[in-house]
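In: I'd like to go over a predicted model; first the sequence, then the structure.
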Amino acid sequence: MDVINTRRGRDHNPPIRFPEDVLDLHEAERIWWVAHTKSRREKALAALLRKEHVGYFLPLVAKAYRNNGRTRWSVIPLFSGYVFFRGARIERYKALQTGHIARVIEVAEQERLIRELRQIEKVVLMDAPLEPFPFAKVGERVRIVDGPFEGLEGIIERRKGSDRLILSVDVITQAVALEIDADRVEPVP
């Protein structure tokens, strides 16, 4: 069951990953690619990739906004303009044929991308409050040592009296911030 699609009326959105085990598959001929989509085409691309049986990962988060005095929810991509997909060159070609992609980025460090995407997936599936964060390489790299996010690694940042772990996806130079308890982290050598 995909958590993102069962909460707050998210039934009309594609699942965040297809197939369910896409981040665990290891097939040499099927590599990860990053689709830089045309404006607001991430979900449409994911739906077409699923229809073509092309594995993908599209982290989605719920965002509240006020409209006419009511709180409404919208499900938006965590990384606006990007969908991660895996396949051989034929799947890359199928993705390009959808008309939703501006360009495809080849991923040189496959294992690193998978590790980064697994971290993002874990946080998204736990419905943790996330916010986009400017990509940064500064700060101390840490690992969470206990609690529900144990094992996650990122850059620690302190802002306005709270500590945040910056989770990044280097290939697209995007990052998100997760509030954490600094007592639960240790430096990564």
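Out: Yes, it's here.

In: make it CA atoms for all contacts and neighbour counts henceforth
Out: OK.

In: run through this protein and note the low-pLDDT ranges.
Out: Along the chain, the parts satisfying pLDDT under 70 run over 1-11, 134-138.

In: let me see the contact set for the residue nearest to the spatial centre of the chain.
Out: In the chain, the residue lying closest to the centroid (C-alpha atoms, centre = their mean) is residue 59, at 3.8 Å. Counting by C-alpha atoms under 8 Å, 6 or more residues apart in numbering, residue 59 makes contact with 16-17, 77-79, 120-121, 124.

In: rerun that using 10 Å as the cut-off
Out: 4, 15-17, 76-80, 82-84, 117, 120-121, 123-125 (C-alpha atoms under 10 Å, 6 or more residues apart in numbering).

In: of these, buried ones?
Out: 4, 15-17, 76-80, 82-84, 117, 120-121, 123-124 (16 or more other C-alpha atoms under 10 Å).

In: so which of the residues you listed are in strands?
Out: Among the buried ones among the contacts of residue 59, the residues falling in strands (DSSP state E) are 17, 76-77, 82-84.

In: and which of those is nearest residue 66?
Out: Nearest to residue 66 out of those is residue 76 (C-alpha to C-alpha; 15.5 Å).

In: hmm, the closest one is touching residue 82, no?
Out: No. Judged on C-alpha atoms under 10 Å, residue 76 makes no contact with residue 82 at a distance of 11.5 Å.

In: between those two, which contacts overlap?
Out: 40, 42-43, 58-59.

In: which of those residues are buried, as a PyMOL select command?
Out: The following PyMOL line selects those of the shared contacts of residue 76 and residue 82 that are buried, judged by 16+ other C-alpha under 10 Å:
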select buried, resi 42+43+58+59
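
In: nearest to residue 93 among the shared contacts of residue 76 and residue 82?
Out: residue 42 (16.9 Å).
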